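>>> Give the three-dimensional model of this entry:
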Amino acid sequence: MIQRFMVWIRQVLTRVLQKLDIKQAVGLDVAVSPEMADEIGLWEKLYRNEPPWKSDTVIPLGLPAAVAGELARLTTLELKTQVSGSARADWLDSQRAPFIAMLQAKVEQGCALGGMAFKPYPAGEGLAIDCTPADRFFPTGFDGTGHVTGGVFVDQFTRGKQYYTRFETHSLGTDGIYTIRNTAYMSNTPASLGVPVPLGSVPAWSELDEEVTLANIKKPLFGYFRVPLANNIDRGSPLGVSVYARAVPLFQQADEQWERLIWEFRASELAVDVSSRAFRIDTNTGRPDIPKGYRRFFRALDIGGDDKPLYNVFSPQIREDPLYKGFQDILRRIEFQCGLAYGTLSDPQTVEKTAEEVKTSKQRSYSTVSSLQAALQVALDDLTYAMDVWATVARLAPAGKYETSYTWDDSIVTDSDKEFAQRMQLCAAGALRPELVIAWYFGLPHETPEDLQSIRERYMPDMEAIVGGGE
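A predicted model of the protein is given here:
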């Protein structure tokens, strides 16, 4: 049942990604070209480790998921974000907290498919956040800056022999009117969307409104995380591409090269070819009785006799080094194409021989991650705005202003321990005030005299004992 359902989902999504089907279903064109639809499907297969070149001999290594996972980890590493400023802000912060806790996994999926939408909605006395990847969210409009102004969310499930699909359309007018429409379809076959059905006829969707209209809305009620890479598949499209879109051919080369390396070990495995006459014959099988545990080592063959030896040791030279070096070269090309530092996937013992090479390589990774962090921050700000709107519409929290703050980790290119030692040396020499070292280390505010005085009262006794009271 599960396998049949997954096949149906892929069949429907293939149809949904075609503009004609979306237009017939919801009356809108989607900003997804057939070329982009094909690539999104490919990226999704690569992420699931089901590439087209997978076979009985070529077992994929899962490198696409590793790339997406590593970039997501670096992007969200030690992220600290807070909503503050009022009771409304505190409520919003508490509602965002569970989502922020699982953000790395969602960013990984977004990195893999080129983007992800974060859509909040009222749930009981709070808000829930739906994370929709690029293969189930289709933008319908963008403004002049490339910001999404509308989109279609696709929800699907099967019940018995019936297949259900729901389109949730979000559109923002220039007059600030925001419209959300829900359209449901039912089919008896996975090959089509079927016919429209009322939302009330589907228990899972019975509480949804067919249309909701809100006024004075400034931007869409969802955040859209877009991978900030140039789209070289559809240059006219504002959609993002997968973080590994440019390395797809290299993934195939890496998988095939790894298989060659494994085969080299398997084919050159030590063995002894022995004449079958050297073994006792098993009376039950009529075959040489090779001792248990040695059947992989000894191979009974029809050799020997006259002046020929009764055995031959099979121990060819292993060509490990050239094959392994070739594999590492491919991994480094993948790292370069995906904006990762050398040594992230490849063997660090074979790269980065000088300090300058280390710095350059890390700067490439830092640039990639910084761009992802900036894009993610925009999406999180838009998400917070949408949550604030729903809190007002559903009367979930008292009115009040809010502001968001973000602290991103920069340890990719910065050695925190080394920088701390340098600051302490400056402090001990009297060139840097102790309270500034403390403010940097703990991320404390230090812009006003009151901030500095607070630091002195709380930390200075211990700090002076360490550095000798340098001013």
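>>> what's the closest non-adjacent residue to the residue nearest the centre of the chain?
Centroid check for the chain by CA atoms, centre = their mean gives Glu108 as the closest residue, at 1.4 Å. With CB to CB, 6 or more residues apart in numbering as the criterion, Glu108 has its nearest non-adjacent residue at 3.7 Å, and that residue is Ala72. Where C-beta positions appear, they are placed from N, C-alpha and C, glycine not excepted.
>>> next one: Gly69
Leaving out its chain neighbours, the residue that sits closest to Gly69 by CB to CB, 6+ apart is Glu108, at 5.1 Å.
>>> Quick one: residues contacting the one you found.
Counting by CB atoms under 8 Å, 6 or more residues apart in numbering, Glu108 touches Ala65, Ala68, Gly69, Leu71, Ala72, Arg73.
>>> List just the nearest of those to Asp347.
Comparing the contacts of Glu108 against Asp347 with CB to CB picks out Gly69 as the nearest, at 18.9 Å.
>>> Confirm that that closest one sits in a helix.
Yes. The assignment for Gly69 by DSSP: H, G, I helix; E, B strand; the rest coil puts it in a helix.
>>> tally of neighbours for it?
Applying other CB atoms under 10 Å, we find 19 residues neighbouring Gly69.
>>> Likewise for Thr189?
Neighbourhood size, Thr189 [other CB under 10 Å]: 11.
>>> May I have the secondary structure class of it?
State at Thr189, reduced to three classes by three-state DSSP: coil.
>>> Touching, it and Tyr163? I think so.
Yes. Using CB atoms under 8 Å, Thr189 is in contact with Tyr163, at 7.4 Å.
>>> What lies in contact with the helix or strand harbouring Gly41?
Applying DSSP states H and E as the criterion places Gly41 in helix 34-47. With contacts defined as CB under 8 Å, 6+ apart, helix 34-47 is touched by 10, 13-14, 17-18, 32, 51-52, 64-65, 68, 109, 112-114, 134-135, 231, 233-234, 237, 239, 241-242, 244-245, 248, 251.
>>> can you rerun that using 6 Å?
Helix 34-47 is contacted from outside by Leu17, Pro64, Ala65, Ala112, Leu113, Ala134, Asp135, Ile233, Asp234, Ser237, Ser242, using CB atoms under 6 Å, 6 or more residues apart in numbering.
>>> coming back round to it: got the phi and psi for the residue nearest to Gly69?
phi -60, psi -50 (degrees, to the nearest 10).
>>> For Ala375, see how far away it is.
14 Å (CB to CB, to the nearest Å).
>>> quick one: low-confidence parts of the stretch 251-400 of the chain?
Scanning the stretch 251-400 of the chain for pLDDT under 70 picks out the ranges 267-280, 282-283, 285-316, 350-360.
>>> which residue ranges form the helices in the stretch 151-300 of the chain?
Under the criterion DSSP state H, counting those that start in this stretch, the stretch 151-300 of the chain contains helices at 248-267.
>>> can you pull out the strands in it?
162-172, 178-187, 195-197, 211-214, 223-226, 271-275, 298-301 (DSSP state E, counting those that start in this stretch).
>>> The fifth one pairs with which strands?
The partner list of strand 223-226 in its sheet, established with DSSP bridges, is strand 115-123 (antiparallel).
>>> So for the partner strand, mean pLDDT?
When pLDDT is averaged over strand 115-123, the result is 93.
>>> tilt between that strand and helix 34-47?
Note on geometry: by axes from the mean of the first three to the mean of the last three CA atoms, to 10 degrees, strand 115-123 and helix 34-47 are set 80 degrees apart in direction.
>>> quick one: buried residues of strand 115-123?
Gly115, Met116, Ala117, Phe118, Lys119, Pro120, Tyr121 (16 or more other CB atoms under 10 Å).
>>> now stretch 176-188
Using 16+ other CB under 10 Å as the test for burial, stretch 176-188 gives Tyr178, Ile180, Arg181, Asn182, Thr183, Ala184, Tyr185, Met186, Ser187.
>>> Buried ones in the longest helix along the chain, by neighbour count?
Counting residues, the longest helix found in the chain (DSSP state H) is helix 355-393. Buried residues in helix 355-393, counted by 16+ other CB under 10 Å: 358, 361-362, 364-366, 368-370, 372-373, 375-380, 382-391.
>>> The nearest residue to Val154 once chain neighbours are set aside: neighbour count?
Take Val154 and drop its neighbours on the chain: the residue closest to it by CB to CB, 6+ apart is Arg136, 4.7 Å away. Number of residues near Arg136 (other CB under 10 Å) recorded here: 19.
>>> For Arg136, give its distance to Gly151.
From Arg136 over to Gly151 the distance is 11 Å, taken as CB to CB.
>>> Pull up the per-residue confidence for the residue nearest to Val369 when sequence neighbours are not counted.
In space, Val369 comes closest to Leu74 once its chain neighbours are excluded; the distance is 4.7 Å by CB to CB, 6+ apart. Reported pLDDT at Leu74 in the predicted model: 92.
>>> Ok, Ile233 next?
What the model reports for Ile233 is a pLDDT of 88.
>>> If you drop the residues flanking it in sequence, what lies closest to it?
Nearest one to Ile233, counting by CB to CB, 6+ apart, is Glu39 at 5.2 Å.
>>> Count the neighbours of the one you found for me.
By the measure other CB under 10 Å, the count of residues near Glu39 is 22.
>>> From Arg136, how far out is it?
Separation of Glu39 from Arg136 (CB to CB) stands at 16 Å.
>>> Please, which helix or strand holds Phe336?
helix 320-337.
>>> For that helix, output the C-alpha coordinates as PDB.
The C-alpha coordinates for helix 320-337 follow below in PDB (Å, rounded to 0.1, in the frame of the first residue of the first chain):
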ATOM      1  CA  GLU A 320      44.700   0.900  -4.900                       C
ATOM      2  CA  ASP A 321      46.600   4.200  -5.000                       C
ATOM      3  CA  PRO A 322      45.700   5.400  -8.600                       C
ATOM      4  CA  LEU A 323      42.100   4.400  -8.100                       C
ATOM      5  CA  TYR A 324      41.900   6.100  -4.700                       C
ATOM      6  CA  LYS A 325      43.600   9.200  -6.000                       C
ATOM      7  CA  GLY A 326      41.100   9.400  -8.900                       C
ATOM      8  CA  PHE A 327      38.200   9.100  -6.500                       C
ATOM      9  CA  GLN A 328      39.600  11.900  -4.300                       C
ATOM     10  CA  ASP A 329      40.100  14.100  -7.400                       C
ATOM     11  CA  ILE A 330      36.400  13.700  -8.200                       C
ATOM     12  CA  LEU A 331      35.400  14.500  -4.600                       C
ATOM     13  CA  ARG A 332      37.400  17.700  -4.700                       C
ATOM     14  CA  ARG A 333      35.700  18.700  -7.900                       C
ATOM     15  CA  ILE A 334      32.300  18.100  -6.200                       C
ATOM     16  CA  GLU A 335      33.400  20.200  -3.300                       C
ATOM     17  CA  PHE A 336      34.400  23.000  -5.600                       C
ATOM     18  CA  GLN A 337      31.100  22.900  -7.600                       C
END
